[in-house]
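# would you be able to build a 3D model of this:
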Amino acid sequence: MRKTLMLVILVLVVVSGSAYFVWAETIKPEPLSHEELIERIQLTYDVKPKYVAQENDQVIFRFKKDGVTYNMTVDELDGHVNKLVKIAGSYSAPEKEQKTPTTKVLTDEEAIAIANKELKGEVDALSYRSTSDGGYYLIEIDGDEAEAVFQIHALSGEILSITWDE
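Numbering: from 1, shown residues only. Just a heads-up that it's a prediction; the model follows:
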């Protein structure tokens, strides 16, 4: 009697466990197709993205807007933009003045002011890296709506890249 009861309990555990794993697999969302992701990016950013690569459940697209080329990393399950990185080109906003070349390195405060023009928020981290062309600042800012890491050239004040983490 005791062996039969143990056998019944064992069978129930195995069947319940198997049913749970089958059920868990059926409720996983289907990933969005590359065409659906491209359509979402086109509607949101008014650009024509091109597929670049896929890493696990992240899809990387490249597009050009206002003379600047970007790589955008998108979650294929929900279409959420996880990263937007400027990879080529320069900003050409009319309200910004062209900086004349200088040999004076920006102060921490000047670099933060440049980053704050793009994203207002609290500075989480600031570092300076010396390079052969004058060096650059890495500034991490935590804004109300997003977080970003800015790479700012230490001589010219040009924003070299912005990595958004929304």
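# bridged to the residue minimising distance to the centre of the chain, which residues?
Centroid-nearest residue in the chain: Lys83, 1.2 Å away (criterion: Cα atoms, centre = their mean). For Lys83, the beta-bridge partners are Thr73 (DSSP bridges).
# swap in Ile162?
When assigned by DSSP bridges, Ile162 has beta-bridge partners Phe150.
# what helix or strand is the nearest residue to Ile159 once chain neighbours are set aside on?
Nearest non-adjacent residue to Ile159, counting by Cβ to Cβ, 6 or more residues apart in numbering: Ile152, 5.7 Å away. The way it works is simple: take the backbone N, C-alpha and C, and place the C-beta from them, glycine included. In this structure, Ile152 sits in strand 147-153 according to DSSP states H and E.
# quick one: contacts of that strand?
Under the contact criterion Cβ atoms under 8 Å, 6 or more residues apart in numbering, strand 147-153 has outside partners 106, 111, 114-115, 118-119, 121, 124, 133-141, 158-166.
# helices and strands around the helix or strand containing Trp164, which ones?
Trp164 belongs to strand 159-165 when elements are defined using DSSP H and E. Counting contacts by 3 or more Cβ pairs under 8 Å, 6 or more residues apart in numbering; DSSP states H and E, strand 159-165 packs against strand 81-88, helix 108-118, strand 147-153.
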